[in-house]
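> take a look and give me a structure for this.
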Amino acid sequence: MGTLPRNGRCETTTTASPDDVWAIVGDPTRVGEWSHECGGAEWIDGATTARPGARFRGRNKVGRSKWARVCEVVTVDAPHELAWRTVSTRLYPDSTLWTISIEPTADGSRVEQRFEVLKINPIAERLFYLLIPPHRDRSAALREDLERLVAVAEQEPAHSS
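Reported below is the predicted structural model:
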């Protein structure tokens, strides 16, 4: 049996400004607008904005598999970077760090998405490998996520020029 990738990255460019992209990325509850897997998220524990330590719950679906994860914001550097990690629980004993970076370009922005598995139990990894085949290679899906993200940013500019 194979193993899941422990990290990955993809990037794209857009004509949207870093502020326009940040308007989407800086609110993790909007991830359902562009993610292939996360259908939505809501702030929990009294949080209302992205700041280190703020938590949100994301609802995910791949095929017939559905689950929800509590995530904790790790880094907020507007409009350059947002990072969060999934919080380990008894049911989901893994943790993955997700980072979205935005840097200005001459024509708009370069947007990069990275993930790094911080913790995973070998038994849980085997189960995830068996139950969620799309997680065996996430490259194409994550690239498509970024394409949807920048399409939203291009349609909803945060600022008028």
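> which residues touch Ala153?
Taking CB atoms under 8 Å, 6 or more residues apart in numbering, we find Ala153 in contact with 14, 16, 20-21, 23-24. Backbone N, C-alpha and C define where each C-beta goes, glycine included.
> most widely separated two among those?
Thr14 and Ala23 (12.5 Å; CB to CB).
> hey, where'd the strands end up in this structure?
Remark: strands assigned in the chain by DSSP state E are 7-14, 38-44, 55-62, 65-77, 81-86, 95-105, 108-119.
> residues in contact with the last one: which ones?
Just to be clear, that refers to strand 108-119. Against strand 108-119 from outside (CB under 8 Å, 6+ apart): 4-18, 20-21, 25, 85, 88, 93-103, 138, 142, 145-146, 149-150.
> of those, buried ones?
Neighbour-count burial (16 or more other CB atoms under 10 Å) applied to the contacts of strand 108-119 gives 4, 10, 12, 14, 16-18, 20-21, 25, 85, 88, 94-102, 138, 142, 145-146, 149-150.
> so where's the protein shaky on pLDDT?
1, 3, 5, 123, 125, 129, 131-136, 158-161 (pLDDT under 70).
> grab the most central residue of it for me.
Trp98 (5.4 Å; CA atoms, centre = their mean).
> who's in contact with that residue?
Trp98 neighbours (CB under 8 Å, 6+ apart): 71, 83-86, 113-115.
> can you name the residues bridging to it?
Trp84, Phe115 (DSSP bridges).
> pick the most deeply packed of the strands of the chain.
Mean neighbours per residue, mean count of other CB atoms under 10 Å, is largest over the strands of the chain for strand 81-86, with a mean of 21.
> if anything else comes up later, I'll come back, but that's it for now.
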